[in-house]
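# Predicted structure and sequence below. I'll ask about it afterward.
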Protein chains: 2
Amino acid sequence: MRTKLARFLPVLDWGRRYDRRALANDLVAAVIVTIMLIPQSLAYAMLAGLPPEAGIYASIAPLLLYAIFGTSRTLAVGPVAVVSLMTATAVGQVAQQGTAGYAAAALTLAALSGLFLLALGVFRLGFLANFLSHPVIAGFITASGILIATSQVKHILGIEAGGHTLIEMIPAILAHLGQTNPITLTIGVLSTAFLFWVRRGLKPILRRMGAGPLLADIGAKSGPVAAVVVTTLSVWAFGLADRGVAIVGAVPQGLPPLTMPALMPDLIRQLAAPAILISIIGFVESISIAQTLAAKRRQRIDPDQELIGLGMANLGAAFTGGYPVTGGFARSVVNFDAGAATPAAGVLTAVGLAIAALLLTPLIHYLPTATLAATIIVAVLSLVDFAILARTFRYSRADFAAVVTTIVLTLAWGVEAGIASGVILSVGLHLYKTSRPHVAEVGLVPGTNHFRNVLRHDVITDPAVLTLRVDESLYFVNARFLEDLIQDLVARRRAVRHVVLMCSAMNEIDYSALESLEAINHRLKETGIGLHLSEVKGPVMDRLKKTHFLDHLNGRVFLSQYDAWTNLTKPAAALAACGSGL
Amino acid sequence: MRTKLARFLPVLDWGRRYDRRALANDLVAAVIVTIMLIPQSLAYAMLAGLPPEAGIYASIAPLLLYAIFGTSRTLAVGPVAVVSLMTATAVGQVAQQGTAGYAAAALTLAALSGLFLLALGVFRLGFLANFLSHPVIAGFITASGILIATSQVKHILGIEAGGHTLIEMIPAILAHLGQTNPITLTIGVLSTAFLFWVRRGLKPILRRMGAGPLLADIGAKSGPVAAVVVTTLSVWAFGLADRGVAIVGAVPQGLPPLTMPALMPDLIRQLAAPAILISIIGFVESISIAQTLAAKRRQRIDPDQELIGLGMANLGAAFTGGYPVTGGFARSVVNFDAGAATPAAGVLTAVGLAIAALLLTPLIHYLPTATLAATIIVAVLSLVDFAILARTFRYSRADFAAVVTTIVLTLAWGVEAGIASGVILSVGLHLYKTSRPHVAEVGLVPGTNHFRNVLRHDVITDPAVLTLRVDESLYFVNARFLEDLIQDLVARRRAVRHVVLMCSAMNEIDYSALESLEAINHRLKETGIGLHLSEVKGPVMDRLKKTHFLDHLNGRVFLSQYDAWTNLTKPAAALAACGSGL
């Protein structure tokens, strides 16, 4: 009973064995992650078009709920860059940024996303996420990184410029370039440069100065906090807000509020598709992080339970003033590296952020948005990976086409069109590939009982026996191809008396392929040619036995291709074989 | 040069060798087919919602053009039942039946369909038709037969009733049942009964009465003509048109007119999707008839050239007052059986129909529409095949689901929704099946070097060596499945030191699967487990060699599974193997 319940509430499993040593580890990890998350949460909320506190709120309840329902010991859940961008795109289509309707729609999006993830988990439909191929995800993430970085340029310049795609954003930025605020630009450029330097150079310097690895790590992760403190103090001290530097402004002090997502049918209809996309993208990102980290300690991740964990986290966000969340890569790795032993580290991080929400929010009034924009740009540029183009180009043109399409369409048409086109193209290209399977005419390797491609090897063939090895399952997409191919070969080679299909690589024969085989058999029979099968797999043979195909087969089924060869190439035996099928 | 041209103009091939014997054969076939086509063409035009002459026109130019461009020697092209129904549905959405706009839209539909088919042929994209699985086609044809027969009930009853789906038609018929015209009903029922009897019983009777097979065949095929003559004479003689019997009315006398399809952008946008569906359905039907007939004489069909032939035929229909056409089953079989030797039979049939259009049209003024409805009902009921449900149910639940969905949705929502849902479901189910491939843990069959499923056979295994045979190509849809599976197995079996993937049934590894294999390798390496491959196919290995995967592999690639087994189960050898990958 307890194990059964523990499957749905993993907390029951690790919670029972929790001890002081685990607590110490989790506490250290929580401190580091909290320091990292404060500026990041504010920044991602801005990216999503929401007030900064929404980012903090979205990092509290979701972390707690994931700790109870999730299966990863170290995954850190909260707002992430790509999902924030997708939220901005989706919510921007139904409400104006800055209005109450916008924030309410973000809650609705989180609720829909939570319900969808829960439904996938309960009905064990996590495999649907597999329709996103790696090239599509890689292209999408790269394009999203570019879109996100571009969307932040206006904050660095201190100008107003809208748009959700590169085509919309770049002209808008260029049109307002003349209104650039030089002080904002200075803050933005210096912050960006500082954060790049912290990311690359600070940790080795701290180590060389004698800091221990943990301390050096905390130092490096504090870079964004330092930038926030320095720029906020500068704006406050020099009164830069009066000179046109955009600041965060008043942020409510207190714990996350209890909120109710708007549930108008019209709104739900408009947000349903984006919610599904956000859920799937979020799940795919989250599960691959969780699995990578779990594997390092030989732990197990249950994908369907992960869906439930993420679903609950999103519902948590929906009811506590947040917006869609998922497992974040950087924070999870930091959590893992800092030694987090159990999901309690997430609980402690949530506590840290709750304290920040209670005490620190008045201090960020003068925080310039340019600093947050710098934080985002530095974080997302690590997502951009053009090397995927070269890697897929070398490996497979189809995968390359999927990457290019996804990148180009995401940049030009936005996230939803980009990912949808990528998925459709991947599926289409896969079906296209299997629609023209590799079919080799094979012959006997002299002195053996092996059969190999006549084009690649010196083999023995018989003009009266045409042996084809089809390297693919037969199903509706390629069934007619085989019909055409055999009809073509037989029409051209007048000497052929027997066609043998070597089925060693056929994992399935669906009903369409069965009918094609029947048509092939029927047509060959009309012209007095035998059709034989060899090396049919067990499950495929079981299926065929349920039909009349084998009764009507104008030939035989041979266990091995060598059997087929020895029986058919001897004229007398061949005739007998053919006759037996009639 | 001439052979190259003959490829695109098959007429150059058979035309050069044409002689008096072929002419005699073709002439006989043409006479029989012409007799059969006159009532059928009138009836199908009525089914498409067009004036009766449109059916005759659609049987003239298309036949001539197909004879020049098509590759089948015996295919008879013209209006067919299913395409007529689809035409009525598509054109009914943009224009009112009986208006000039309706006929013009039908021309546009034929033009779009012709252009689409030509484009598919020129770009050699005929494989797209393969996305229609046999169960989807079978379900669609059966449902179409029911829809068509139901749509003709109103003509038999002599009432007005609209609708394109069963849900619309049945209540409309029931609502008007009280207005049934008893004379029309009598004509309709008697004609239907007579035609059923002719179809089943006339030919044997004629043979028993001493008629030769050819004469008996002509007699049986003349059934519809007899029904037309008798009912037309009755209506004329007894003045039944004045007593409410609906008649064909005035039909213009003359050769097909030169027409221009309407090409407004709006109309094209609305008709594009139906035109694509009609083209693909028409092509699939036509090519399977053509191939079945060609195989009987060991002739070749070139599917891409067939697309060009059908495309030209449809363009011909668009410019001569017709509507979308394709190769018809019944007429092609009749043509073949009657001894047609070359496409000249089609040319002669076209001449016969042109003579009919010139001379016979005044005679059909008093032809009751109930007779045409009877012709249609008797023809289409042979399309209805519910046995497909039982056959697919026995063979595969997925194919059964595709048939049921297509039938139900076609009947309930109409032809376009039905076929689209069927295609989407087929593709989805195929992807679902391959998303959870059959993976067998295998062990050594004692005394052999064969490896078999541990669940099915008594085999030798080693707790330190986990050998998995994946019976499917690895690609994005199932890549993560394998990751989960291996992670799961390894987390549960603490003794495992080596994982061997037996790749004999993997016909492809796409980029997503490559990344999954890299992730599996990386994760196994972290826990000190080796990953090995065995029996990798040549083309797959060629691909892998282009990447760094093999350099990073924490294990070896074995030519045979037996090699892997002997190397890994000996402790010393296994350690060496694992070390070599580091």
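Structure received.
# A:Ser191 touches A:Ile376, doesn't it?
No - using CB atoms under 8 Å, A:Ser191 makes no contact with A:Ile376, being 10.8 Å away. Where you see a C-beta, it was placed from the backbone N, CA and C, and this is true even at glycine.
# just how off-centre is stretch A:454-474 within its chain?
In terms of CA atoms, centre = their mean, to the nearest Å, the centre of stretch A:454-474 is found 41 Å from the chain centre.
# State the three-state secondary structure for A:His532.
Look at A:His532: counting by DSSP: H, G, I helix; E, B strand; the rest coil, its state is strand.
# any idea how far the closest residue to A:Ala61 other than its chain neighbours is from chain B?
Distance criterion CB to CB, 6 or more residues apart in numbering or on different chains; nearest residue to A:Ala61, sequence neighbours excluded, is A:Gly316 at 3.7 Å. Using CB to the nearest CB, to the nearest Å, one gets 26 Å for the distance from A:Gly316 to chain B.
# Run a quick neighbour tally on A:Gly316.
Neighbour count for A:Gly316, taken as other CB atoms under 10 Å in any protein chain shown: 26.
# Now the helix or strand in which A:Leu310 is found - C-alpha only, CSV.
Using DSSP states H and E, the element containing A:Leu310 is helix A:303-319. What follows is helix A:303-319, C-alpha atoms only, in CSV (Å, rounded to 0.1, in the frame of the first residue of the first chain):
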residue,chain,number,x,y,z
PRO,A,303,8.3,10.2,-17.1
ASP,A,304,4.6,9.9,-16.4
GLN,A,305,5.0,10.9,-12.7
GLU,A,306,7.2,13.8,-13.9
LEU,A,307,4.2,15.0,-15.9
ILE,A,308,2.1,14.9,-12.7
GLY,A,309,4.9,16.8,-10.8
LEU,A,310,5.1,19.5,-13.4
GLY,A,311,1.3,19.6,-13.7
MET,A,312,0.9,20.2,-10.0
ALA,A,313,3.7,22.8,-10.1
ASN,A,314,1.9,24.7,-12.9
LEU,A,315,-1.4,24.5,-11.0
GLY,A,316,0.5,25.9,-8.0
ALA,A,317,1.7,28.8,-10.1
ALA,A,318,-1.8,29.5,-11.4
PHE,A,319,-3.2,29.8,-7.9
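# Which strands or helices does it pack on?
Where contact means 3 or more CB pairs under 8 Å, 6 or more residues apart in numbering or on different chains; DSSP states H and E, helix A:303-319 is packed against helix A:2-8, helix A:61-69, strand A:77-78, helix A:100-122, helix A:265-296, strand A:326-327.
# now the angle between helix A:61-69 and it, please.
Here the directions of helix A:303-319 and helix A:61-69 differ by 150 degrees (axes from the mean of the first three to the mean of the last three CA atoms, to 10 degrees).
# okay, the angle between helix A:303-319 and helix A:100-122?
Counting by the same axes, to 10 degrees, helix A:303-319 lies at 160 degrees to helix A:100-122.
# okay, the angle between helix A:303-319 and helix A:265-296?
Using the same axes, to 10 degrees, the inter-axis angle of helix A:303-319 relative to helix A:265-296 is 130 degrees.
# where does helix A:303-319 sit relative to the chain's centre, distance-wise?
Helix A:303-319 sits 17 Å away from the centroid of its parent chain (CA atoms, centre = their mean).
# now swap in stretch A:357-368 and tell me
Using CA atoms, centre = their mean, the distance between the centre of stretch A:357-368 and that of its chain works out at 34 Å.
# Just the CA trace of that stretch, in CSV.
Coordinates of the C-alpha atoms in stretch A:357-368 are reproduced here as CSV (Å, rounded to 0.1, in the frame of the first residue of the first chain):
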residue,chain,number,x,y,z
ALA,A,357,9.4,38.3,-1.2
LEU,A,358,8.6,39.3,2.4
LEU,A,359,11.7,41.4,3.1
LEU,A,360,13.7,42.4,0.0
THR,A,361,11.1,43.7,-2.5
PRO,A,362,11.2,47.4,-1.3
LEU,A,363,14.9,47.4,-2.0
ILE,A,364,14.5,46.7,-5.7
HIS,A,365,12.4,49.8,-6.4
TYR,A,366,15.3,51.6,-8.2
LEU,A,367,16.6,48.4,-9.9
PRO,A,368,17.0,49.5,-13.6
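# List the contacts of it.
For stretch A:357-368, contacts defined as CB atoms under 8 Å, 6 or more residues apart in numbering or on different chains pick out A:38, A:42, A:52-53, A:56-57, A:60, A:184, A:187-188, A:228, A:231-233, A:235-236, A:240-241, A:245-256.
# Kindly recompute the last result at 7 Å.
Outside of stretch A:357-368, the residues that reach it under the criterion CB atoms under 7 Å, 6 or more residues apart in numbering or on different chains are A:53, A:56, A:184, A:187, A:228, A:231-232, A:235-236, A:241, A:245-256.
# Which of the residues you listed are buried, as a ChimeraX select command?
What follows is the ChimeraX syntax selecting those of the contacts of stretch A:357-368 that are buried according to 16 or more other CB atoms under 10 Å in any protein chain shown:
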select /A:53,56,184,187,228,231,232,235,245,246,247,248,251,256
